[in-house]
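Participant: have a look; sequence and predicted model below, questions after that.
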Amino acid sequence: MSARATPEAFARWTGATALTLAIIVVGASALAGCAGQDLSGPPAARVSAWVSGAGGGAAIGTLRVESRNIDLALSRHDPAAAIKTVCALLTNDAQTAIGNLPTPDPQLTDDLNRAYEDAAAAGDDCYAGSSGVTSLLHRSAAERSKLMPLLTAAIDRIAQITGHAPSTSTTRPAAGSGDPFAN
């Protein structure tokens, strides 16, 4: 644009700015509408909505299975590449689960955050130690041994709030299956 703005250039710039602002407002409104589902109603309803929407039970089950898969791969003396794969899965799924926090309950959020952080650290240490660095594999094993009680504490907290323990199956339960968290 020259030192002197033309009315057409100003109109284009103003139109683009207005369009950008409209997109931002619509996007923020849509996100605010989604967040309200977890934030209204009694604690049991809010936590139930979070467990169902975020797949909280399945995330817990996935981390349990992946932790056991690491133990299995190490006990079979699988190749380093196979061990790296199961370790990376634990880290990636733990980080995904962290992204689903916070929950509507601060204590549940703290319980899950500790568990998910522990799982991510265990996966990272396992991955880094998979080529035979025993100190890292031992650290990963210690972190994974702490993981199960942390996940159990989170399940217990969900049950305390909602009156139901979530399914930790890694497959989604069908509607009408009797699982109170099924969609």
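Facilitator: Yep, that arrived.
Participant: going forward, measure contacts and count neighbours with C-alpha atoms only.
Facilitator: Will do.
Participant: pass me the low-pLDDT residue ranges in this protein, would you?
Facilitator: Judged by pLDDT under 70, the chain has its weakly predicted residues at 1-39, 171-183.
Participant: domain map for it?
Facilitator: 8-40, 43-162 (automatic domain parsing).
Participant: pick the most buried one from those domains.
Facilitator: Most buried of these, by mean neighbour count (mean count of other C-alpha atoms under 10 Å): domain 43-162, with a mean of 20.
Participant: for it, measure first residue to last.
Facilitator: With C-alpha to C-alpha, to the nearest Å as the measure, domain 43-162 spans 8 Å from end to end.
Participant: again with stretch 50-58
Facilitator: Terminal-residue distance, stretch 50-58 (C-alpha to C-alpha): 12 Å.
Participant: okay if I get the domains of the chain as TSV plus distance to residue 168?
Facilitator: Shown next, in TSV, are the domains of the chain (distance: least, C-alpha to C-alpha, whole Å):
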stretch	distance to residue 168
domain 8-40	20
domain 43-162	4
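Participant: quick one: which of those domains is nearest residue 169?
Facilitator: In terms of C-alpha to C-alpha, the element of those nearest to residue 169 is domain 43-162, at 5.6 Å.
Participant: helices of the protein, start to end?
Facilitator: With helices called from DSSP state H, the chain shows them at 7-39, 43-54, 56-75, 80-99, 106-129, 134-162.
Participant: my guess is residue 91 contacts residue 115. True?
Facilitator: No - with contact defined as C-alpha atoms under 8 Å, residue 91 does not reach residue 115; the gap is 11.8 Å.
Participant: re the thing from before, nearest to residue 170, of the helices of the chain?
Facilitator: helix 56-75 (5.0 Å).
Participant: excluding residues flanking it in the chain, which one is nearest the most centrally placed residue in the chain?
Facilitator: Centroid-nearest residue in the chain, with C-alpha atoms, centre = their mean: residue 97, separated by 1.2 Å. Closest residue to residue 97 apart from its sequence neighbours, by C-alpha to C-alpha, 6 or more residues apart in numbering: residue 59 at 6.3 Å.
Participant: what's the answer for residue 144, then?
Facilitator: The spatial neighbour of residue 144 that comes closest, neighbours along the chain excluded (C-alpha to C-alpha, 6+ apart), is residue 122 at 6.0 Å.
Participant: so how far is residue 69 from that neighbour?
Facilitator: For residue 122, the distance to residue 69 (C-alpha to C-alpha) stands at 13 Å.
Participant: measure residue 148 to residue 155 for me?
Facilitator: Applying C-alpha to C-alpha to residue 148 and residue 155 gives a distance of 11 Å.
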